[in-house]
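**Q** I'll drop the sequence and a predicted model, then ask my questions.
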Amino acid sequence: MSGAHVCPTAPPEEQPCIGLIGMGEMGGMYARRLSEAGWKRILVCDRPARFEASVMSVPGVTVVQDGHYVSRAADFIVYSVEAEFIDAVVAQYGPSTKVGAVVGGQTSVKAPEQKAFEKYLPSDVEIVSCHSLHGPSVSPEGQPLVLIQHRASDRSLRLVEDILRPFGSRYVYMAYEEHDVVTANTQAVTHAAFLSMGTAWHASLSYPWEQGLYVGGIETVKVNIMLRIYANKWHVYAGLAILNPSARIQIDQYSQSCTEIFKLMLEGKKDALKERLFRARDKVFPAGGNGKCPILLSESILDQFTLGSKSTSQSSAIIKSAPPNSHLSILAMVDSWASLNILPLGHLALAATPIFRMWIGVAEALCRSEEKLNRAIDAAISDTAHRSDDLEFVVAARGWSQCVSFGSFKLYEERFKHTAEFFKGRFLEATVVGGKMIKTILDDAALREKEGQSIITR
Ligand SMILES: NC(=O)C1=CN([C@@H]2O[C@H](COP(=O)(O)OP(=O)(O)OC[C@H]3O[C@@H](n4cnc5c(N)ncnc54)[C@H](OP(=O)(O)O)[C@@H]3O)[C@@H](O)[C@H]2O)C=CC1
Ligand SMILES: O=C(O)C(=O)Cc1ccc(O)cc1
């Protein structure tokens, strides 16, 4: 390719050839969006055994047998495969990469990807990696897209920027190492919390929002996101938890924080609990802070996204009668960040995934309100309505932490799929309602950011 900018309105012969290896959720989303943008030379493949099944009639997209056919022809190649397999896949196809091509990967954890690229890509191939910080069903417009100029000229970085520009994402430039620290800070504990919620509710054999528990306001966010995560691919969460060393430490601390807080609850040590949680609150959400407040919509708007509710009047009656919650999952998250001196609020502007944006919004809404925080602490000490769920939650958080520390993909897969199976019948509603909730929250945040108000107090 010449050094000039490339653009999808150019004649096909002047366009770069774009290669995608791995045609699952993210590879498929990239293929469709690149085609919609007008790119006309897109070569894609999945596993050779799926060649026939992968054939699609998307303008500009040609499905080929395997990664060799992609690698030898494409000017920019994105590997969108499981992090667990990136080494094996790059070992297989990397040496076939066209001289002078640029290679990147979509993996959520970059250490194994970097190692594989450095090991197997010929030295005349450049590396500009990427990572769309959102799931495949979220529009990339306005979302962060990490670009990593690792072993590459500015010209190659520009080629990748030009190719991905039609997504309308916001480029965030990072080094490989920084990527893994930032994504651990934003995703590790966030996912551990939702996975543990699912495991705990599954252990109780209940869909609590259908019985008047965990409904309305921030409870609605918990349920919707838990279901959203279990509806996604297990290996996405396994990869970023098991293969990112910073993530492991944080998931372990999360489980520790859950246990210690729960012990204070059982012992009725209200002063100690209060002192610990307020200290954590002050560290993670400092007074005055950056003048910004949570991304979260008002509780009444969130109420609209309650799952399983028959009518608005019925659901508001349920919400009013719902017992107060200790919010162990949220408070343990804030406590674990404070214990590890992590300030994830700082990543909000640059590198927040939609789920992290909402979840830290929930935590901030709880922590910045003395009244809400005191109510959660009172409930933790005196109200036993949620105690058995909290116990299950502590056990679940410990289980996930052990699973990650053992580094077992097999165990992770079994735990994940076992619980996903239990919630399967609720995924459709959660995808529709949760999708609307995410869109409403993100649109609201974007609007306010545009208006220069930044994030809210309402
Ligand atoms: N889903 C998400 O929310 C996000 C995921 N990511 C990252 O993107 C990557 C892909 O994730 P996602 O698309 O969700 O996962 P999928 O499982 O949907 O897609 C991965 C695809 O790659 C295929 N594959 C595996 N080995 C090969 C091979 N040798 N040649 C060609 N294809 C192969 C897989 O086949 P098989 O199933 O048979 O193994 C599968 O079809 C992961 O690293 C993930 O961490 C990043 C951002 C968001
Ligand atoms: O927003 C989240 O945390 C998600 O669960 C979706 C997701 C998963 C993996 C990524 O690498 C990026 C985004």
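**A** The structure has been received and is ready for your questions. Ligands and ions are numbered 1, 2, ... in the order given.
**Q** what pairs with residue 146 across the strands?
**A** When bridges are taken as DSSP bridges, the partners of residue 146 come out as residue 131, residue 172.
**Q** my read: it touches residue 353, true?
**A** No - counting by Cβ atoms under 8 Å, residue 146 stays clear of residue 353, with 10.8 Å between them. Glycine gets a C-beta too; all of them are placed from N, C-alpha and C.
**Q** which residues touch residue 146?
**A** Counting by Cβ atoms under 8 Å, 6 or more residues apart in numbering, residue 146 touches 129-133, 171-174, 179, 351.
**Q** picking up where we left off before, touching both of residue 146 and residue 353, which residues are there?
**A** Joint contacts of residue 146 and residue 353 (Cβ under 8 Å, 6+ apart) are residue 133.
**Q** coming back round to it: from the contacts of residue 146, which would you call buried?
**A** 129-133, 172, 174, 179, 351 (16 or more other Cβ atoms under 10 Å).
**Q** So which of those residues would count as near ligand 2 as well?
**A** Among the buried ones among the contacts of residue 146, the residues within reach of ligand 2 (Cβ under 6 Å from any ligand atom) are residue 133.
**Q** possible to save the buried ones among the contacts of residue 146 as a markdown table with distance to residue 193?
**A** Shown next, in a markdown table, are those (distance: Cβ to Cβ, whole Å):
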| residue | distance to residue 193 |
| --- | --- |
| 129 | 28 |
| 130 | 27 |
| 131 | 22 |
| 132 | 22 |
| 133 | 18 |
| 172 | 24 |
| 174 | 25 |
| 179 | 22 |
| 351 | 19 |
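**Q** Look over the buried ones among the contacts of residue 146 and name the one with the lowest pLDDT score.
**A** By pLDDT, residue 351 ranks lowest within these, coming in at 91.
**Q** what sits against it?
**A** 133, 144, 146, 172, 174, 182-183, 186.
**Q** Residue 237 too?
**A** Taking Cβ under 8 Å, 6+ apart as the test, what residue 237 contacts is 191, 195, 229, 412, 416.
**Q** what helix or strand does the third one sit in?
**A** Per DSSP states H and E: residue 229 is located in helix 217-231.
**Q** Does ligand 1 have contacts with that helix?
**A** No - Helix 217-231 does not reach ligand 1 (Cβ under 6 Å from any ligand atom); its nearest approach is 9.3 Å.
**Q** tell me the mean pLDDT over that helix?
**A** 90.
**Q** Following it in sequence, what is the next regular element?
**A** Helix 217-231 is succeeded, C-terminally, by helix 234-242 (DSSP H and E).
**Q** What are the buried residues along whichever helix or strand comes after that following helix?
**A** Proceeding N to C from helix 234-242, the next assigned helix or strand is helix 245-266, under DSSP H and E. Of all the residues in helix 245-266, those buried under the rule 16+ other Cβ under 10 Å are 246-262, 264-265.
**Q** What of stretch 102-117?
**A** 102-114, 116-117.
**Q** quick one on the thing from earlier: which ones among the buried residues of helix 245-266 also lie next to ligand 1?
**A** Checking these against ligand 1 by Cβ under 6 Å from any ligand atom, not one of them is in range.
**Q** got the residues of the chain near ligand 1?
**A** So the chain meets ligand 1 at 21-27, 45-47, 67, 80-83, 85, 89, 106-108, 132, 135-136, 232-233, 236, 239 (Cβ under 6 Å from any ligand atom).
**Q** From these, keep the buried residues only.
**A** 21-24, 26-27, 45-46, 67, 80-83, 85, 89, 106-108, 132, 135-136, 232-233, 236, 239.
**Q** Tally up the residues packed near residue 168, please.
**A** 14 (other Cβ atoms under 10 Å).
**Q** Begin at 51, not 1, for the rest of this chat.
**A** In the new count, where the first residue is 51, that last one comes out as residue 218.
**Q** All the helices of the stretch 151-300 of the chain, residue numbers only.
**A** 161-170, 204-214, 226-233, 239-253, 267-281, 284-292, 295-316 (DSSP state H, counting those that start in this stretch).
**Q** which one is the residue of the stretch 301-450 of the chain found nearest ligand 1 nearest to, not counting chain neighbours?
**A** For the stretch 301-450 of the chain, the residue closest to ligand 1 is residue 403, as judged by Cβ to the nearest ligand atom, at 8.1 Å. Among residues not flanking residue 403 along the chain, residue 183 sits closest, at 4.7 Å (Cβ to Cβ, 6 or more residues apart in numbering).
**Q** And the one you found, how far from residue 158?
**A** Counting by Cβ to Cβ, to the nearest Å, the gap from residue 183 to residue 158 is 9 Å.
**Q** what is in contact with the two at once?
**A** Common contacts of residue 183 and residue 158, defined by Cβ under 8 Å, 6+ apart, comprise residue 233.
**Q** can you give me how far the helix ranked longest in the chain is from the chain middle?
**A** Criterion DSSP state H: the longest helix present in the chain is helix 477-500. For helix 477-500, the separation from the chain centroid amounts to 14 Å (computed by Cα atoms, centre = their mean, to the nearest Å).
**Q** do the same with stretch 60-76
**A** 25 Å.
**Q** same check, this time on stretch 302-315
**A** The answer for stretch 302-315 is 23 Å, by Cα atoms, centre = their mean.
**Q** Let's see that stretch as CSV, backbone CA atoms only.
**A** Output of stretch 302-315 as CSV, limited to C-alpha atoms (Å, rounded to 0.1, in the frame of the first residue of the first chain):
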residue,chain,number,x,y,z
ASP,A,302,-8.6,-12.8,44.5
GLN,A,303,-8.9,-9.6,46.5
TYR,A,304,-12.6,-9.3,45.5
SER,A,305,-13.3,-12.7,47.1
GLN,A,306,-11.3,-11.7,50.2
SER,A,307,-13.2,-8.4,50.5
CYS,A,308,-16.5,-10.3,50.2
THR,A,309,-15.6,-12.7,52.9
GLU,A,310,-14.2,-10.0,55.3
ILE,A,311,-17.3,-7.8,54.9
PHE,A,312,-19.6,-10.7,55.4
LYS,A,313,-17.8,-11.7,58.6
LEU,A,314,-18.3,-8.2,59.9
MET,A,315,-22.0,-8.5,59.0
